[in-house]
Each structure stands twice: as C-alpha cells, then as structure tokens.
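>>> task: produce atomic coordinates for the following.
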Amino acid sequence: MNSDGHVLEDPFLDPDLEVVRTRRNLPHWNQLGKLYFVTWRLADSLPKEVLARIETDRRDWQRQHGDIPLSAMGHLVKHEWYRLFHHRVQTWLDAGQGSCVLHRAEACRILCDALHHFHGER
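Take a look at the predicted model:
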C-alpha cells in the first residue's frame with residue numbers, strides 16, 4: 001500500500017498470470033509490468049573449489065530427489081533447495097571475493113552502456 005492508501009500491484013513475477021517465454025532473446029521470459037533482475041557472476045567471484053563443491057552438492061541433491069524440475073516440487077522441497085544452494089551461493093558472492101572489477105568506474109561504465117544500448121529499440 002502506498003502513502004495514498006492505494007494497494008500496489010506486486011512488481012515481481014506472478015506464476016498465476018501469463019508468462020511469455022522465448023529461447024533467443026533475453027530475458028527468456030516476459031510478464032507485462034513486472035521487474036527484472038540482471039546479475040553477473042564474474043569469473044573470479046567464487047574460487048574453483050567452491051564451484052566444484054556446489055556442482056557436486058547439486059548433483060547429489062538431485063539424485064536424492066529425482067529428476068523432477070524444481071518448479072514441480074512442493075514448497076518445503078523448494079525451500080530446502082534455495083537454502084542449500086541459492087542462499088548459500090548468494091552469501092559467498094556477497095563476500096566480495098575476487099577482483100571486484102565492477103568497482104572500477106571504467107568497467108562499470110562499459111556495463112551500463114551495454115545495458116542501455118538497445119533501450120527503446122527492443
């Protein structure tokens with residue numbers, strides 16, 4: 001609810017509404033009026049041994065839970081997956097390992113220019 005007392009629409013993906021999916025154009029899904037988050041994981045942001053551990057843990061977890069897509073799993077199983085993988089990886093990424101090249105103004109400008117390159121055209 002905003003300061004005027006109006007109920008605000010949820011700006012994030014609503015799985016109950018139509019989602020347009022594409023294969024070639026980013027983002028690979030589109031839902032009218034929703035926000036997108038774009039993230040990059042730079043090559044040195046996680047040590048190779050951490051990446052190998054994550055991949056091993058994911059394969060082991062998937063083997064225990066079958067080849068069911070995450071979207072088809074129950075709420076508690078999804079919560080477990082996000083806790084074990086997504087949240088753990090985000091914590092490691094937030095630790096700021098690696099060279100953190102996007103802290104450099106020149107590198108940040110290149111990224112911003114790339115993001116705005118097709119603005120209004122696509």
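>>> packing partners for the host helix or strand of Gln64?
Assigned by DSSP states H and E, Gln64 belongs to helix 48-65. With contacts defined as 3 or more CB pairs under 8 Å, 6 or more residues apart in numbering; DSSP states H and E, the packing partners of helix 48-65 are helix 87-94. (Glycine included, C-beta is placed from N, CA and C.)
>>> ok, residues contacting the helix it packs on?
Contacts to helix 87-94, defined as CB atoms under 8 Å, 6 or more residues apart in numbering, come from residues 41, 45-46, 50, 54.
>>> quick check: next helix or strand after that helix?
helix 105-116.
>>> give me the residues contacting that following helix.
Residues outside helix 105-116 that contact it (CB under 8 Å, 6+ apart) are 38, 40, 101-102.
>>> again, only this time at 6 Å
Applying CB atoms under 6 Å, 6 or more residues apart in numbering, the contact partners of helix 105-116 are 101-102.
>>> re earlier: show me which residues of the helix holding Gln64 are buried.
By neighbour count on 16 or more other CB atoms under 10 Å, the buried set for helix 48-65 is Ile54.
>>> before we move on, what about stretch 87-99?
By neighbour count on 16+ other CB under 10 Å, the buried set for stretch 87-99 is Trp92.
>>> what do you get for stretch 34-52?
34, 45-46.
>>> by pLDDT, rank the contacts of helix 87-94 and give me the bottom one.
pLDDT across these is lowest for Arg41, at 82.
>>> doesn't it lie inside a helix?
No. Secondary structure of Arg41 (DSSP: H, G, I helix; E, B strand; the rest coil): coil, not part of a helix.
>>> now it: closest residue in space that isn't a chain neighbour?
Leaving aside its chain neighbours, Arg41 sits nearest to Leu93 (6.6 Å; criterion: CB to CB, 6 or more residues apart in numbering).
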